[in-house]
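Colleague: sequence plus predicted model, see below.
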Amino acid sequence: MKIKQIDRTRIDPALWIFILYLAAAIVLYKISPAITGSLILGLYLSMIIMVPAKYISKIKFIGEKLSLVISALLVFSILIFTVYQIFPIIIEQASKLLQTVSSADISINEIIEYMPAFVRDAIGSGVSTDSLSGQLSKLISAVSQYGMKYINQAIPKIPNIVTSIVIFVIAAAYLATLKPVVSRNLWRFFPSSTRKKSIQFVKNYYGSIKSFIGGQLIIAMIVGLIVGFGMLIAGIPYAMFLGFLAGVTNLIPFFGVIITTIPALFLGIVEYGLWGVVRVAVVLVIANQLESWVLSPKIQGDRMELNWFVILIGILLFGGLFGIVGVLFAVPIMVFIKEFWIAYVQDAFKRL
């Protein structure tokens, strides 16, 4: 009986299979970004759930399944607590701000007195206070119109948003339990001739993704501490909660600082007026720049073996193409491209 020999000059068919799967994922995302994005984010959160589950499972009498349940409850509790706390704070501070503005009896001249000298000089050199007052009124009116416009645009999208959230939660909870099933059936997705290499490639890449998530958890924790203590030093109320919020939301790279901006600005304005805005801005800019130029390049660059500049450009590029999902998976996509190129494309070049 003759043993079938594998043609060593033939390009690995798995190369085209991987490209097909990647193309299908992009097409699905373009056709239905809300549902596909929710599934991808759910997959990401499910892998976050696996991180504490790994350590919980080491406790005596707690098996793998129970550790996943405990970890999922812990992660979802943190998310619910964050959402539950942030909206009352925003509403409370917005209410205080409106009361302050509506009850203030300050003339335009008194406002000008608090402005920097170069602004007062510019106003005094030819701009009347009546004209300035009119411009401010127009600005406030324009801001109000834009606000109502975006609110009206958002209202019809509420059902889709709710659907996306439900899919996201279910996907995160369910996908965390599917690892053994996927591992057992991975062989079904690749041609038999090079199946062993394909499965090993997927497993190695999965290990890289786990390393990426571990690095992002470290970055999120450091960013949360920077924002929390920075706000505390700046005298901003709810400083530790703002740090907690920045840390939780920074599991999506660079979004922690952006999302924290809204409640932080409300708190800064109500507490210190314009100086509060300056204080908040200084803290958030420092946190953002440290993450962009130090933390992400150093931590993720070392873990993923990618140049820090490539990481920065990749996040900007994929964020522009795919939004939040692109920002979240920019580094994993670049790692996939690098490892896929080495394992399959370069190998194909050698055979041509």
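Modeller: Perfect, I can see it now.
Colleague: what's the pLDDT at the residue nearest to the spatial centre of the chain?
Modeller: Nearest to the mean C-alpha position of the chain, by Cα atoms, centre = their mean, lies Ile252 at 1.9 Å. We have a pLDDT of 80 for Ile252.
Colleague: next one: phi and psi at it?
Modeller: For Ile252, the backbone dihedrals (degrees, to the nearest 10) come out as phi -90, psi 110.
Colleague: what's near enough to touch it?
Modeller: 324, 327-328 (Cβ atoms under 8 Å, 6 or more residues apart in numbering). Every C-beta, even on glycine, is put in place using the N, C-alpha and C of the backbone.
Colleague: okay, now the unreliable bits of the stretch 51-200 of the chain?
Modeller: 94, 97-165 (pLDDT under 70).
Colleague: switch the cut-off to 80
Modeller: Along the stretch 51-200 of the chain, segments meeting pLDDT under 80 span 87, 89-171, 173-176.
Colleague: where along it do the helices fall?
Modeller: Secondary structure of the stretch 51-200 of the chain by DSSP state H, counting those that start in this stretch: the helices cover 64-103, 108-113, 117-124, 129-154, 158-175, 179-185, 195-234.
Colleague: hmm, back to that, top of the contacts of Ile252 by number of neighbours, please.
Modeller: Leu328 (24 neighbours; other Cβ atoms under 10 Å).
Colleague: distance of the residue nearest to the centre of the chain relative to Tyr238?
Modeller: The gap separating Ile252 from Tyr238 is 22 Å, by Cβ to Cβ, to the nearest Å.
Colleague: what's the answer for Ile222, then?
Modeller: As judged by Cβ to Cβ, Ile222 and Tyr238 stand 20 Å apart.
Colleague: swap in Asp12?
Modeller: According to Cβ to Cβ, Asp12 and Tyr238 sit 55 Å apart.
Colleague: also Met231?
Modeller: 8 Å.
Colleague: can you check Leu284 too?
Modeller: Separation of Leu284 from Tyr238 (Cβ to Cβ): 14 Å.
Colleague: could you check which of these two is surrounded by more residues?
Modeller: Leu284 (23 against 20).
Colleague: list the buried residues in whichever helix or strand that one is part of.
Modeller: Using DSSP states H and E, Leu284 falls within helix 274-290. Neighbour-count burial for helix 274-290, counted by 16 or more other Cβ atoms under 10 Å, picks out 276, 279-280, 283-284, 287-288, 290.
Colleague: and if you look at stretch 176-192?
Modeller: Across stretch 176-192, burial judged by 16+ other Cβ under 10 Å covers 176-177, 190.
Colleague: now the end-to-end length of it.
Modeller: From its first residue to its last, stretch 176-192 covers 28 Å (Cα to Cα, to the nearest Å).
Colleague: what does it rub up against?
Modeller: Under Cβ under 8 Å, 6+ apart, the answer for stretch 176-192 is 13-14, 17, 21, 46-47, 49-50, 53, 65, 68, 71-72, 195, 198-199, 202.
Colleague: what subset of the residues you listed is buried?
Modeller: Here, 16+ other Cβ under 10 Å leaves 14, 17, 46-47, 49-50, 53, 68, 71-72, 198-199, 202 buried among these.
Colleague: and which of these is nearest to Met304?
Modeller: Nearest to Met304 out of the buried ones among the contacts of stretch 176-192 is Met47 (Cβ to Cβ; 15.2 Å).
Colleague: name the nearest residue to that closest one, sequence neighbours excluded.
Modeller: What sits nearest to Met47 in space, not counting adjacent residues and going by Cβ to Cβ, 6 or more residues apart in numbering, is Ile213, at 5.3 Å.
Colleague: and the one you found, how many neighbours?
Modeller: Residue neighbour count, defined by other Cβ under 10 Å, stands at 18 for Ile213.
Colleague: and it, what pLDDT?
Modeller: At Ile213, the model reports a pLDDT of 88.
Colleague: now do Glu339
Modeller: 90.
Colleague: which residues touch it?
Modeller: Residues in contact with Glu339 (Cβ under 8 Å, 6+ apart) are 201, 204-205, 208.
Colleague: could you rerun that using 10 Å?
Modeller: Each residue near Glu339 by Cβ atoms under 10 Å, 6 or more residues apart in numbering is listed here: 201, 204-205, 208, 304-305.
Colleague: returning to that earlier point: between the buried residues of stretch 176-192, which is nearest Ile259?
Modeller: Nearest member of the buried residues of stretch 176-192 to Ile259, counting by Cβ to Cβ, is Ala176, at 24.1 Å.
Colleague: the closest one and Phe76, how far apart?
Modeller: 11 Å.
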